[in-house]
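Task: produce atomic coordinates for the following.
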Amino acid sequence: MEVNKPALLEGMTAIKWENNDWVDVKDPDKDTNWYDYSKKTGEEAAKWANSRTADGSYWVWIPRFAYKISQEKVDIIFLQNKTTLDKNSEEISNDYIVHPAFSSNVEQGG
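The predicted model follows:
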């Protein structure tokens, strides 16, 4: 299971950081280097899905997630679509809280 796929609205151009500069992504559906939300270790970091609009504004796609705070540590689990299922299709435990940005209107992706 991957995280929820970024949704580009009309007028948004997918962009990625490459060679110290933002470059347009020609085909976001096929470009495997546009984003990668997998947990990374060492020097390799996750790549967030970024986009730009014609007015020069920059946007970032944040996949639906739940979190748990314990002993000064925050653990994040990405959720499937509009559910509370984790990547293994298992219901998340009550210790996790779906971030409020994703819980106000499930029918609209919240």
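
tally of neighbours for residue 63?
Number of residues near residue 63 (other C-beta atoms under 10 Å) recorded here: 18. Backbone N, C-alpha and C define where each C-beta goes, glycine included.

Walk me through the domains of the chain.
12-61, 65-108 (automatic domain parsing).

Nearest to residue 4, out of these?
domain 65-108 (6.3 Å; C-beta to C-beta).

roughly how far out does the closest one sit from the chain middle?
13 Å (C-alpha atoms, centre = their mean, to the nearest Å).

mind putting the domains of the chain in CSV, mean pLDDT and mean neighbour count included?
Shown next, in CSV, are the domains of the chain (pLDDT from 0 to 100; neighbours: other C-beta atoms under 10 Å):
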stretch, mean pLDDT, mean neighbour count
domain 12-61, 88, 13
domain 65-108, 86, 12
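
As CSV, these with distance to residue 4 would be great.
Listed next are these as CSV, based on distance: least, C-beta to C-beta, whole Å:
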stretch, distance to residue 4
domain 12-61, 8
domain 65-108, 6
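
So for residue 6, which of those sits nearest?
The nearest among these, by C-beta to C-beta, is domain 12-61 at 3.7 Å.

Endpoint to endpoint, the closest one covers what distance?
12 Å (C-alpha to C-alpha, to the nearest Å).

How far off centre is that domain?
That offset, for domain 12-61, works out to 11 Å (C-alpha atoms, centre = their mean).

shift numbering so it begins at 99
Understood, numbering begins at 99; the last thing we discussed is domain 110-159.

the helices in this structure, which residues?
Assigned by DSSP state H, the helices in the chain number zero.

Could you pull out the strands in it for me?
110-116, 119-122, 147-151, 156-159, 163-168, 171-176, 195-196 (DSSP state E).

As a markdown table, those with distance to residue 135 would be great.
What follows is the strands of the chain, written out as a markdown table (distance: least, C-beta to C-beta, whole Å):
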| stretch | distance to residue 135 |
| --- | --- |
| strand 110-116 | 14 |
| strand 119-122 | 19 |
| strand 147-151 | 8 |
| strand 156-159 | 9 |
| strand 163-168 | 9 |
| strand 171-176 | 7 |
| strand 195-196 | 17 |
